[in-house]
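Chemist: Just to be clear, the model below is a prediction. Sequence and coordinates:
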Amino acid sequence: MTAKQDNPHDSLFRKIMSNPAAAAGEFRAVLPEWLVALIDWEGMELAPSRYVLPNLRNRDSDILFKTTVGGRDGYIHLLLEHQSTPDKHMPLRVLEYMIGTWTQHLNDQPGSDYYPLVIPVVVNSGPNTWRWNYTTELWDRIGADTAIRAQLGDLVPRFRIIVDDLAGLEFSDLYGRELAPAVLMMLILHRLAFRNEHLDRDLQPHIEVLRAVEDSPNATNDLFSLFTYISKVSETNARDLGRLVDQLGPLAKEVAMTTAEQLRAEGQTKGQAKLILRQLTVKFGPLAAEVVDRVQAGSAAELEMWAERVVTATTLDEFFA
């Protein structure tokens with residue numbers, strides 16, 4: 001077990017796309033029209049995390065929605081793939097999620113005679129992301145001999161994932177979709193924000209999208225998520241970003257200021273946790289992953305207490321007591 005890495009790209013995707021109304025626009029853009037007509041979009045809700053396999057919970061970008069399809073229970077599984085090189089084993093990974101969802105369904109309803117539909121959509125978007133260049137079919141990766149595979153026919157499982165390859169689209173293509181403003185801005189930032197020293201200039205053509213986010217129902221939460229992402233991944237100085245924010249309304253300005261203050265506080269907390277871990281390592285030797293995780297997750301009050309206790313504690317149990 002290792003300490004979980006903070007991935008701002010995953011985090012932003014999950015925060016924005018966990019809103020069913022926002023995610024619906026992405027689904028409508030990539031699913032077949034006949035299927036879109038069968039899905040109950042108004043009744044779509046975020047499924048609890050227990051539907052995700054325990055060994056895959058470190059994928060913060062994986063989101064599962066529950067709804068009805070053609071009047072029967074079903075799920076829509078949304079994933080983000082933003083690695084510079086797309087994952088060639090994605091069909092297998094998605095199948096693992098589907099099996100986990102079906103297994104949980106049978107645990108909840110042991111007498112069920114059917115498995116609910118699970119419709120997977122993989123979104124390939126992020127900084128410096130390459131075009132999707134791998135097969136989307138599980139069939140293509142089973143057995144090295146294609147002739148034998150063909151002879152086996154339906155003894156070999158056939159399964160295909162839907163990949164929304166945003167790496168191959170222009171901004172005009174994104175604008176042409178009926179996406180929620182927060183989703184559109186997230187995808188724009190995936191292209192522009194990472195290590196950008198002039199994000200204020202590059203976002204200027206998209207200022208109306210930010211204004212639309214400010215006018216949307218989930219404005220405060222979405223703006224906080226977007227500004228947090230900008231602060232974590234861009235290299236544009238605060239003064240230049242401030243000029244961009246000044247073009248927005250009072251809510252955006254307030255959220256931007258609150259975001260900056262919170263990130264400064266988080267930075268101080270992380271710095272204190274790092275110092276405590278260094279002191280513990282000097283005193284007790286290499287630390288177990290669960291010790292590192294616990295210190296990194298500590299509240300401000302706990303860190304203040306531990307900063308004093310690290311001097312006097314003779315064991316880790318005494319330190320955490």
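Modeler: It's in. Residues are numbered from 1 along each chain as shown.
Chemist: elements contacting the lengthiest helix in the chain?
Modeler: Ranked by residue count under DSSP state H, the longest helix found in the chain is helix 250-284. Counting contacts by 3 or more C-beta pairs under 8 Å, 6 or more residues apart in numbering; DSSP states H and E, helix 250-284 is packed against helix 207-214, helix 219-233, helix 238-245, helix 289-296, helix 300-312, helix 316-320. To be clear about C-beta, it is placed using only N, CA and C from the backbone, and glycine gets the same treatment.
Chemist: Please identify the most buried of these.
Modeler: Greatest average neighbour count among the helices and strands packed on helix 250-284 goes to helix 219-233 (a mean of 21), per mean count of other C-beta atoms under 10 Å.
Chemist: what's the angle from that helix to helix 207-214?
Modeler: With axes from the mean of the first three to the mean of the last three C-alpha atoms, to 10 degrees applied, the angle from helix 219-233 to helix 207-214 works out at 130 degrees.
Chemist: What lies in contact with helix 219-233?
Modeler: Contacting residues not belonging to helix 219-233 are listed as 8-9, 11-12, 15-16, 127, 181-182, 185-186, 189, 193-195, 199, 210, 213-214, 216, 236, 241, 251-252, 255-256, 258-260, 263 [C-beta atoms under 8 Å, 6 or more residues apart in numbering].
Chemist: Among those residues, name the buried ones.
Modeler: For the contacts of helix 219-233, a neighbour count by 16 or more other C-beta atoms under 10 Å gives the buried set as 8-9, 11-12, 15-16, 127, 181-182, 185-186, 189, 193-194, 199, 210, 213-214, 216, 236, 241, 252, 255-256, 259-260.
Chemist: show me what contacts I188?
Modeler: I188 touches F171, L174, L203, H206, V209, counting by C-beta under 8 Å, 6+ apart.
Chemist: can you put these in CSV and add pLDDT and distance to V69?
Modeler: Below are the contacts of I188 laid out as CSV (pLDDT from 0 to 100; distance: C-beta to C-beta, whole Å):
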residue, pLDDT, distance to V69
F171, 95, 32
L174, 96, 27
L203, 97, 38
H206, 97, 34
V209, 97, 31
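Chemist: I'd like to know which of those residues are buried.
Modeler: In these, the ones that pass as buried (16+ other C-beta under 10 Å) are L174, L203, H206, V209.
Chemist: Now the second one. Its backbone dihedrals?
Modeler: In this entry, L203 is assigned phi and psi values of phi -90, psi -10 (degrees, to the nearest 10).
Chemist: which residue packs closest to it, ignoring adjacent ones?
Modeler: L244 (6.1 Å; C-beta to C-beta, 6 or more residues apart in numbering).
Chemist: Distance of the one you found relative to E254?
Modeler: Per C-beta to C-beta, to the nearest Å, L244 is found 15 Å from E254.
Chemist: Surely the residue nearest to L203 touches P205?
Modeler: No - assessed by C-beta atoms under 8 Å, L244 is found out of contact with P205, at 11.8 Å.
Chemist: Could you work out the end-to-end span of stretch 288-302 for me?
Modeler: 19 Å (C-alpha to C-alpha, to the nearest Å).
Chemist: quick revisit: turn the helices and strands packed on helix 250-284 into a markdown table, columns for distance to L166.
Modeler: Converted to a markdown table, these look like this (distance: least, C-beta to C-beta, whole Å):
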| stretch | distance to L166 |
| --- | --- |
| helix 207-214 | 16 |
| helix 219-233 | 16 |
| helix 238-245 | 23 |
| helix 289-296 | 32 |
| helix 300-312 | 38 |
| helix 316-320 | 45 |
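Chemist: With V163 as the reference, name the closest of the ones you listed.
Modeler: helix 219-233 (23.2 Å; C-beta to C-beta).
Chemist: Extract the C-alpha trace of the closest one and format it as PDB.
Modeler: The C-alpha trace of helix 219-233 is given here as PDB (Å, rounded to 0.1, in the frame of the first residue of the first chain):
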ATOM      1  CA  ALA A 219     -22.000  27.800  -9.700                       C
ATOM      2  CA  THR A 220     -20.300  28.100  -6.300                       C
ATOM      3  CA  ASN A 221     -19.100  24.400  -6.200                       C
ATOM      4  CA  ASP A 222     -18.100  24.400  -9.900                       C
ATOM      5  CA  LEU A 223     -16.200  27.600  -9.700                       C
ATOM      6  CA  PHE A 224     -14.400  26.400  -6.600                       C
ATOM      7  CA  SER A 225     -13.400  23.200  -8.400                       C
ATOM      8  CA  LEU A 226     -12.200  25.100 -11.600                       C
ATOM      9  CA  PHE A 227     -10.200  27.700  -9.700                       C
ATOM     10  CA  THR A 228      -8.600  25.000  -7.500                       C
ATOM     11  CA  TYR A 229      -7.500  23.200 -10.600                       C
ATOM     12  CA  ILE A 230      -6.100  26.400 -12.200                       C
ATOM     13  CA  SER A 231      -4.200  27.200  -9.000                       C
ATOM     14  CA  LYS A 232      -2.700  23.700  -8.800                       C
ATOM     15  CA  VAL A 233      -1.700  23.000 -12.400                       C
END
